[in-house]
Every structure is written in C-alpha cells, then in structure tokens.
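A.B. asks: I'll drop the sequence and a predicted model, then ask my questions.
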Amino acid sequence: MKKILITLLLGVFMGLQASALIRQEINQAKVPVIYEENHLLPMGFIHLAFRGGGSLSDKNQLGLAKLFAQVLNEGTKELGAVGFAQALEQKAISLNVDTSTEDLQITLEFLKEYEDEAIMRLKELLKSPNFTQSALEKVKTRMLAALLQKESDFDYLAKLTLKQELFANTPLANAALGTKESLQKIKLDDLKQQFAKVFELNKLVVVLGGDLKIDQTLKRLNNALNFLPQGKAYEEPYFETSDQKSEKILYKDTEQAFVYFGTPFKIKDLKQDLAKSKVMMFVLGGGFGSRLMEKIRVQEGLAYSVYIRSNFSKVAHFASGYLQTKLSTQAKSVALVKKIVKEFIEKGMTQQELDDAKKFLLGSEPLRNETISSRLNTTYNYFYLDLPLNFNQTLLDQIQKMSLKEINDFIKEHTEINDLTFAIVSNKKKDK
C-alpha cells in the first residue's frame, strides 16, 4: 500500500494512543479497521484498500486497473469531473483513487467539521461513478500521452525491463500503465465488470486517523459502503524471482548508462529475519558508508549514487538496486557490483559496520514513525505481512541485540543474492 497521504503533527506528544485494530461489521462482512485518534488538529482521513484491485489483476487487459482508478477520479455521472471537483473543493475535501500492484486505494481527507459531507461524497462516487464514454476517452488520452512520455524515460524503461527479466511470464512483468494496444481495447463494460470484481467488502481494509470519534466515523462508513456485496477474500498469488544470471541491454539515444539490477532474496520467516535483512541491506547498499557506495562512488568515482534494497510483499521476495554511470564505465560498474556482492556474501560484515548500522537504524526507525500517518502506514504493512501490529518494537530489540556471528551466518546463508539480473539502458554507438 502507498504511504497514507496526510501528516497530522508529531506523534511524540503525551496522551496519544498507538495504532489499533478492530473488526467492523459492514453488510455482514467483518472488515479490518486500523485506526489512531489524534485530536491535535481538526482534521481526519480515511483510507480504503481493496485488496486485489491493483495492476496484478490486469491479466489480459493490461492497464485496466490504472485506467479504472483514473476514471473514478472523474467524479460522478450526475456532477461530472468538474462539478464533483468543485463540490469537494468548496469544503476543502480531498478524494483520490489510485492503484498499487495489489490494491485499489481510495484516500479521503477532510476538516473535522466536514466529515459527514466527505463520507457522503464518497458514497455518491461509489453509487454512481462517471462511467461515460467521454470520461473513458478522456482518461485513455491522458494515459496514452503518459505512455508516449515513458518512451524517453530511461529510468522507467530500465525498471520495467528488470521486472520483465526477474518475473518473466508472470503478471509482475507487466507495465501498470498497459500498452497502447491494450488501452485502446478497454470499453465501458470492462469498467463495470472491474467495479463488480474490486468493490467487495471481504477484500476491504480500512485505515482511519486524525481528529475522529471512531465509532461515529465507522457508522457513517457503514452507511456509505453497506450497499457493496460481501464477495470473497483476496488470496495473494506468489511468484518466484528468477535466479538466472542475465544481462538485458536496451539501446537508446542516451548520454548515460542506466543500470538496474535485482536478485532473489528468499526469506522464509519475516518475524525472525526482517531485522537481519534490514541490517544486511543497509551495510551492503543502504546509503553513504555502505559497501556499494564506498567502492563504486568514493573509491572508483563511477557513479553519484548506488543502492540495493530488499522488497518483501505477499507476492514476491527480492532485492533490487540501481546506479547511473558513464557509457564508457558501464561494463566496469556492472562487474564491480557483482564482485562487491560476492565478497560480501562470502565474508560478511565487520564489527564496525554492524555497530554503525545499529546506530543509524535504531536512531532513524523511531523517527520514521513519529507522525500518525507513518505509524498507521507501518501498522498496515505489518498487518498485511501477517506480523504483530506492534512488531516495530520487536524489530528494534532484535537489531539492538544482534551479534556479529548472527548477522554473518545469516548473510552467508543467502547465496542467492549472487544471482544478479541486470537491465541496462545504454547507447550502442557512443559505447563503441
């Protein structure tokens, strides 16, 4: 799920409660609700995540999930895009629909005094979305223009190519924006079928925050959503990451080489290994002072920035990284990444690197959760990963107590990190 959009002051003030989870019955469906009250500002937000409504579900209609979300942003059939936007703006209400890989997300932000009207507008949108030919054509034109721009976005092309190499022949290899051909084929009936497939209460997770009376807000939400069917719970598929050591190069008219790389990262038990994976990736390529940064930027001067990060979701476990370098040093940079990763897996880290990683992570992790939005985002992520809601404290404790032997044993177990796949946008003529 993307980060919840509103920041409502620091959560370090006395008297603020931690994020909590309850189950709310809506039309006989037990809907998970993650919430935190914060009465410091007269504002609130509601975030609805409909599991399975993201681009992963596109299958043979690439771009449908993204297009569907964008049409929902065109307001209601009665008011149209302009009229609906004006009605929201008059009361300083923000209502936005978007998609991630797995979810369709609706985010509603409002002043406390307009909470009732904000939820009423949400209900209007879901009751009568602007599924008209003119709205569909408008969104198609906008998305086709975005696709045209992406043809010269070398970061986008390299990232997409990496996905296609790491997850070939799976939905994860598809572009969320779709293709020109797939977008042109989408019809109004497809939007109506997508609505019926996505908006089911057993697929819903609600996140609430701000100056709200939770019981009252949930009653209003119940009234807005109880016309939706119960449906079935979303079952996440899982996709293995390719372990084929490959290198795919796209030749474009570029002055720099855009180098993206990825690898499997097989974590079986996040509860036991998430802390170790954080420390491992921080030392290998988490920023200034990391192995990759020190060797490639500081010592060799090959790139301004280089990183590698872990990616854990219900659908895939992998690590991915990036660097940008001169065309003439492209091959050297790729070879150096492979060498640094290989040496790191074989020998592990030093005590000094572990100590420095602990200082940074133990100091920065609490700061990342000092706002209500960040705390709720963290709580939702733990809920999504089937971890305890208060797992953040466990994570910090595990990092604090971690020994050098423990982390190095963990690193040496993950030899799959050596199975690097590279996707590069380069310039054939200038490289020669």
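C.D. replies: In hand now; what should we look at?

A.B. asks: Residue 334 and residue 426 touch, don't they?
C.D. replies: No - taking contacts as C-beta atoms under 8 Å, residue 334 lies outside contact range of residue 426: 10.5 Å. C-beta coordinates here come from the backbone N, C-alpha and C atoms, glycine included.

A.B. asks: Quick check: which element contains residue 25?
C.D. replies: If you go by DSSP states H and E, residue 25 is part of strand 20-26.

A.B. asks: Alpha carbons only: can I get that strand in PDB?
C.D. replies: The C-alpha coordinates for strand 20-26 follow below in PDB (Å, rounded to 0.1, in the frame of the first residue of the first chain):
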ATOM      1  CA  ALA A  20      -5.000  -0.300  17.000                       C
ATOM      2  CA  LEU A  21      -7.000  -2.900  15.100                       C
ATOM      3  CA  ILE A  22     -10.700  -3.800  15.300                       C
ATOM      4  CA  ARG A  23     -13.200  -5.700  13.100                       C
ATOM      5  CA  GLN A  24     -16.200  -3.700  11.900                       C
ATOM      6  CA  GLU A  25     -19.300  -5.500  10.500                       C
ATOM      7  CA  ILE A  26     -20.500  -4.000   7.300                       C
END
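
A.B. asks: all strands of the stretch 1-150 of the chain, in order?
C.D. replies: 20-26, 29-37, 43-51, 94-99, 103-111 (DSSP state E, counting those that start in this stretch).

A.B. asks: Buried ones in the shortest one, by neighbour count?
C.D. replies: When you say that, I think you mean strand 94-99. 95, 97-99 (16 or more other C-beta atoms under 10 Å).

A.B. asks: Go through the strand holding residue 25 and flag the buried ones.
C.D. replies: Neighbour counts over strand 20-26 (16+ other C-beta under 10 Å) mark 24, 26 as buried.

A.B. asks: quick one: which of the strands of the stretch 1-150 of the chain is nearest residue 226?
C.D. replies: Among those, the nearest to residue 226 by C-beta to C-beta is strand 20-26 (5.5 Å).

A.B. asks: Starting from that closest one, tell me which strands it pairs with and how they run.
C.D. replies: With DSSP bridges as the test, strand 20-26 is paired with strand 29-37 (antiparallel).

A.B. asks: quick check: angle from the partner strand to strand 43-51?
C.D. replies: If you take axes from the mean of the first three to the mean of the last three C-alpha atoms, to 10 degrees, strand 29-37 sits at 150 degrees to strand 43-51.

A.B. asks: Now do strand 29-37, average pLDDT.
C.D. replies: Here strand 29-37 scores 94 as its mean pLDDT.

A.B. asks: Could you measure from the nearest residue to residue 104 once chain neighbours are set aside over to residue 135?
C.D. replies: In space, and not counting its chain neighbours, residue 104 is closest to residue 53: 2.9 Å by C-beta to C-beta, 6 or more residues apart in numbering. From residue 53 across to residue 135, the span is 19 Å (C-beta to C-beta, to the nearest Å).
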